[in-house]
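> Okay, predicted coordinates and the sequence, questions at the end:
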Amino acid sequence: MDRARRWQHRVLRARRKQVERNPDRVTNHRLEGQALHDLVQLDREGQSLLERSLDRFGFSARTHTRILRMARTLADMQDRDQVLTEDIAGAIALRRAGSMVSSPAEDGTSDIALFGG
């Protein structure tokens, strides 16, 4: 199986899992409120990373929700029931990549510090 087919298989498997698990049989991009928070229960490290990113990058409440949805999807792509800190980090990185062309933080520091690097 070529690489594209493997990705397609993973995406379809993740979507199927979401529809089977989520309320009203929706995919993660439609999750809101308590349903989203029930499915994304972060450990202390994940919560801390999310809070630091909200403060550092000035993310809105809407972006916070989008990060949680993306993290849930990344966990689903890895066939995990639990959202891990690495899923939050990945969702933050994807959100940042989608909202700006690689620019340093206003204070001139690297985003790597946020992720413990």
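Great, that's in hand.

> Can you get me a residue count around R3?
The number of residues packed around R3, counting by other Cβ atoms under 10 Å, is 7. Any C-beta I mention is one placed from the backbone N, CA and C, and that applies to glycine too.

> Pick out the residue closest to the middle of the protein.
Central residue of the chain (Cα atoms, centre = their mean): A71, 2.2 Å from the mean position.

> So that one sits against I88, correct?
Yes: counting by Cβ atoms under 8 Å, A71 sits close enough to I88 to count as a contact (4.9 Å).

> Quickly list what's touching both of the two.
Taking Cβ atoms under 8 Å, 6 or more residues apart in numbering as the contact definition, A71 and I88 share no neighbouring residue.

> can you pull the contacts of the residue nearest to the centre of the chain?
For A71, the contacting residues are V40, V83, D87, I88, G90, A91, taking Cβ under 8 Å, 6+ apart as the criterion.

> helix or strand for it, which one?
Secondary-structure element containing A71, defined by DSSP states H and E: helix 61-77.

> what comes up buried for that helix?
63, 65-77 (16 or more other Cβ atoms under 10 Å).

> Show me how far the longest helix anywhere in the chain is from its chain's centre.
For the chain, the longest helix by residue count, based on DSSP state H, is helix 3-21. From the chain centre to the centre of helix 3-21 is a distance of 16 Å (Cα atoms, centre = their mean, to the nearest Å).

> What is the helix or strand just after that helix packed up against?
From helix 3-21 onward toward the C-terminus, using DSSP H and E, the following helix or strand is helix 33-39. Identification of packing neighbours for helix 33-39 by 3 or more Cβ pairs under 8 Å, 6 or more residues apart in numbering; DSSP states H and E yields helix 61-77.

> Please compute how far stretch 19-27 lies from its chain's middle.
Once both centres are worked out by Cα atoms, centre = their mean, stretch 19-27 turns out to sit 18 Å from its chain's centre.

> next one: stretch 63-76
Distance, centroid of stretch 63-76 to centroid of chain: 3 Å (Cα atoms, centre = their mean).

> C-alpha coordinates for it, PDB please?
Extracted as PDB, the C-alpha positions of stretch 63-76 are listed here (Å, rounded to 0.1, in the frame of the first residue of the first chain):
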ATOM      1  CA  THR A  63      -9.100  29.300  18.700                       C
ATOM      2  CA  HIS A  64      -9.000  27.500  22.100                       C
ATOM      3  CA  THR A  65     -11.900  25.400  20.900                       C
ATOM      4  CA  ARG A  66     -10.300  24.700  17.600                       C
ATOM      5  CA  ILE A  67      -7.100  23.600  19.200                       C
ATOM      6  CA  LEU A  68      -9.100  21.100  21.400                       C
ATOM      7  CA  ARG A  69     -10.900  19.700  18.300                       C
ATOM      8  CA  MET A  70      -7.600  19.400  16.400                       C
ATOM      9  CA  ALA A  71      -5.900  17.700  19.300                       C
ATOM     10  CA  ARG A  72      -8.900  15.200  19.600                       C
ATOM     11  CA  THR A  73      -8.500  14.500  15.900                       C
ATOM     12  CA  LEU A  74      -4.700  14.000  16.100                       C
ATOM     13  CA  ALA A  75      -5.300  11.500  18.900                       C
ATOM     14  CA  ASP A  76      -7.900   9.700  16.700                       C
END
